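>>> What follows is a predicted protein model with its sequence.
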Amino acid sequence: MAPADPNNAGTSGGEGGASKEEAKVKVPAKDPKKKDEKKDEDLSEEDLALKQQLELYVERVQDPEPGIQKLALENMRQEIRTSTSSMTSVPKPLKFLRSHYGTLKSYYEKMGDSDLKKYLADILSVLALTMAAEGERESLKYRLLGSEGDIGSWGHEYVRNLAGEIAQEYAKRQSEEVSIDELRELVQQIVSFHMKHNAEPEAVDLLMEVEDLDLLIERVDSTNFKRTCLYLTSAAKYLPGPDDLLVLDIAHSIYLKFGEYASALQIALYIDKLQYVKKVYTSCNDVLQKKQFSYILARHGTTFVLDEDIAADDGEREVLQDIINNTKLSEGYLTLARDIEVMEPKSPEDIYKAHLLDGRASASASVDSARQNLAATFVNAFVNAGFGQDKLMTRPADSPTGSSGNWLFKNKDNGKTSAAASLGMILLWDVDSGLAQLDKYFHNNDNYIIAGALLGVGIVNSSIKNDCDPALALLADFLDKEDTSTRIGAIMGLGIAYAAFTAISLGLVYVGSCNEDVARAIIFALMDRSESDLQDPLARFLPLGLGLLYLGKQERVEATAEVSKTFNEKIRKYCDMILLSCAYAGTGNVLKVQNLLGHCAQHLEKGETHQGPAVLGIAMVAMAEELGLEMAIRSLGHLLQYGEQNIRRAVPLALGLLCISNPKVNVMDTLSRLSHDSDSEVAMTAVVALGLIGAGTNNARIASMLRNLSSYYYKDASLLFCVRIAQGLVHLGKGLLTLNPYHSDRFLLSPTALAGLVIMLHACLEIKGNILGKYHYVLYFLVLAMQPRMLMTVDENLKPLPVPVRVGQAVDVVGQAGRPKTITGFQTHTTPVLLAAGERAELASEKLCHFKRESRIQGRCYRPLGFNELLPEHWIANWESGDCNSNQTTVEIVNWRTEDEDAQEIAKLEETLDSLAEETRSKFEALTPDTGKWLTITQKQDGGFSEIKSFL
């Protein structure tokens, strides 16, 4: 017989109804008291003493004697406060009080109203930090019931937890329409705490949740306003409308409050409010800062006319208006070119480098065909853009290869138009020289050449505004000519100069204006077109002209989008895609990207063309910020794998727009693979996109790829033409220009620049009919996006002033406390400097010290040789020749150092100049009166000049 089971004792007797399971529950395997004892044994003596002390406090809190209660509460409060001031793990008092949380809550409910009850509520509020059930918001509940003491004394983690619970409670009360006044008082305390403790992002997040951002303007101070505004402007990119505009409005107000006018101006341009721009000008009294504002407006391409409120003095106003009108752009660009010694004109052969290829390809490069010559025309125009001289179009008549007229006639028909217009590109931004050199073509009998000259006039005037309006004066006379090519040249010229043709040019002139009259005219033109007219590749430009009117205007396009539903079905969806992508361009709107991806996912019948613009639309919307950009690149990779053929043809162009003038390695590899695609149109768009991502970078890897492609496609004239165009783009302006529409640290998007790119990309959707057909001059719309990628520093008279700057990769410092480094891997250069994509420049020191002295000697002195070598390290001397009457030379000595170092450096410089004056005096007698010059050195103080030393 088996032995009896001890667990079953008594089951066979009279009571025998109990089961095994019940027996197990009644007699637990381990005694809980022993477990607690073991836990206590694990604690150190100090921790055990703290635990016992806290348990004693809990007992005394429940004592009927108020004095004992008060003492226990104060001691418990003291223990908790000292442990929560800096939290890296759960503080010990909170751990030890965990088991007593329920006891204290029950006792709280029994207490009568008194100060002691409020004290206990404060402690329960802190204990709820780790003990309350999720979603109960007990920490906030007891805080509102407790005393109104300093909220920060309980520690940062407690304040953060409270902020999270306030956000949930606010949403609940809003939905139930309950008063939120008591929450607002708490919010003010939390915001003040965060602002004092370098936690500006948390303060901003809380105020966004409770919809009270206006409170921020009162709470920021001079130590934290920059970090606060940086977080606001960065967060705005991820907020839905109209919250994004509200956030930017607050940032604008804060910048104005603290006199950070340049940043306020950038926000005014971002939200496209000219009244805000005017407010920035009128708020600032410093003329030099107003000049800086004018340069920002000029870079953005904003048309802004100054009035007497902004600058009362006529001379001052004229100087500021000239800067906005970009009249000195050519001068600054050529200064940069001379500084880095790239003034020497380059020929297309210098770009092709055919000698590096094998025999057959290099032989084909020398063949003189109209298509090859046309490609050479574009390459020559892109490479020498803005330099005023080249080896094809600006050659003198007595040169060994003949004058520019010879090159014109090596092209056929529309090729002559592009060749004549290329002169405008070479003389880009130099209005006076450009118009003088183009004038001779207006007297030609060949209409193609006249059309090219008209287009050239528009190109020369691109980005430049002039009181005389030479572009309008010259081109207006040709708008009514019978010859079509002449009219197209004049119309495109006007579009480029004031921003193909009529709808495109209207879209460019009124880009982003939502002009109803222009929209109505284009809508009627679309309605009047027959089905056969809409088959023409150029018909696609009509909806694009309409879309450009609403570039970046978001909801304001909705009325026009409704009207577009009445269009012919052949163009209806195409128009919808363009209106959607233009209206939300540069907004990063995720819902619109999803909408466009949905259209790309459909498998369509043959003949539908709206998926191409939808693919470009994804790039246009998602290019706003880096995260969206990376996600768009991944989505486009999926479209390449699963999309229809017309989608695959558009994907390379979309990648080109996302990484314009920014050759990312993964995109470069994708395009390189697609450039050998079996579909010739995919290969063509991929080759053009390679040119776009490398535009103006002189990227050696892309240049090598394109050379190899020119060898691979040497028998295919069309693909070879695309390769040549891409080669010209990579070497755009000899590496001094960019096509990137973003500027000011990728914060501002120039609408005119984006419009020029979008027109060119839409033309490439029908690359065989447009670029490889007779409309190749559409490529010149890229001039709208061309800008020098330079940083120049000028003095108060707008003369170039070389100063040391550090150039390195930009670092995202949003949300970081203190003053973190904004660039990494930097090198120190002297301005002017080139900035690549993703690079940022900062001045090499916090303080610019202008040090000038005046030296007078009886008679005249000479400009000493080797003067710069005598200067202490980090100082730069800029010499200016004086006029012939005063016979003086001025030297401005500039240093970028901290204030402490300045005093030492100035003392050292004083000694150098004293010895130099002695040397000058001793050598003076050997000079004849006509050879010397005065040496003038003065010191700049608070915007004026004062003499600090004179020599007799």
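Thanks, I have it.
>>> Next up, phi/psi of the residue nearest to the spatial centre of the chain, please.
Closest to where the C-alpha atoms of the chain average out (C-alpha atoms, centre = their mean) is R746, at 1.0 Å. For R746, the backbone dihedrals (degrees, to the nearest 10) come out as phi 60, psi 20.
>>> Number the residues from 56 up from this point.
Done: numbering now begins at 56, and the last item shifts to R801.
>>> can you pull the pLDDT of it?
With respect to pLDDT, R801 has a value of 86.
>>> Spit out the contact partners of it.
E680 (C-beta atoms under 8 Å, 6 or more residues apart in numbering). For the C-beta atoms, the positions are set from N, CA and C on the backbone; glycine is no exception.
>>> next one: L241
With C-beta under 8 Å, 6+ apart, L241 has these contacts: L195, R198, L199, I206, L217, I221.
>>> any idea whether it is helix, strand or coil?
helix (DSSP: H, G, I helix; E, B strand; the rest coil).
>>> the helices in the stretch 656-805 of the chain, which residues?
666-677, 681-697, 700-713, 720-729, 735-748, 755-767, 772-785 (DSSP state H, counting those that start in this stretch).
>>> Can you lay out the ones you listed as TSV showing mean neighbour count, distance to V486 and mean pLDDT?
Putting the helices of the stretch 656-805 of the chain into TSV (neighbours: other C-beta atoms under 10 Å; distance: least, C-beta to C-beta, whole Å; pLDDT from 0 to 100) gives the following:
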stretch	mean neighbour count	distance to V486	mean pLDDT
helix 666-677	29	31	90
helix 681-697	16	36	89
helix 700-713	25	30	91
helix 720-729	17	37	92
helix 735-748	26	28	92
helix 755-767	19	32	90
helix 772-785	25	24	91
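>>> For G880, give me phi and psi.
The phi/psi pair for G880 (degrees, to the nearest 10) is phi 60, psi 40.
>>> That one: how many residues sit nearby?
9 (other C-beta atoms under 10 Å).
>>> ok so, going back, need the helices of the stretch 656-805 of the chain in TSV with distance to S234, can you?
Formatted as TSV, these follow (distance: least, C-beta to C-beta, whole Å):
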stretch	distance to S234
helix 666-677	41
helix 681-697	39
helix 700-713	49
helix 720-729	54
helix 735-748	56
helix 755-767	63
helix 772-785	62
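>>> Out of those helices, the one nearest E191 is which?
helix 681-697 (34.7 Å; C-beta to C-beta).
>>> hmm, who's touching that closest one?
643, 645, 648, 652, 655, 670, 673-674, 677-678, 702-703, 706, 709-710, 713-714, 721-722, 725, 729.
>>> Just the C-alphas of that helix, formatted as CSV.
Extracted in CSV, the C-alpha atoms of helix 681-697 (Å, rounded to 0.1, in the frame of the first residue of the first chain):
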residue,chain,number,x,y,z
GLU,A,681,16.0,65.5,-44.1
LEU,A,682,13.8,62.8,-42.5
GLY,A,683,11.0,63.2,-45.2
LEU,A,684,13.7,63.3,-47.9
GLU,A,685,15.2,60.0,-46.8
MET,A,686,11.8,58.3,-46.6
ALA,A,687,10.9,59.6,-50.0
ILE,A,688,14.1,58.1,-51.5
ARG,A,689,13.1,54.7,-50.0
SER,A,690,9.6,55.0,-51.4
LEU,A,691,11.0,55.9,-54.9
GLY,A,692,13.1,52.8,-54.6
HIS,A,693,9.9,50.7,-54.2
LEU,A,694,8.3,52.5,-57.2
LEU,A,695,11.3,51.5,-59.3
GLN,A,696,10.7,47.9,-58.5
TYR,A,697,7.0,47.7,-58.8
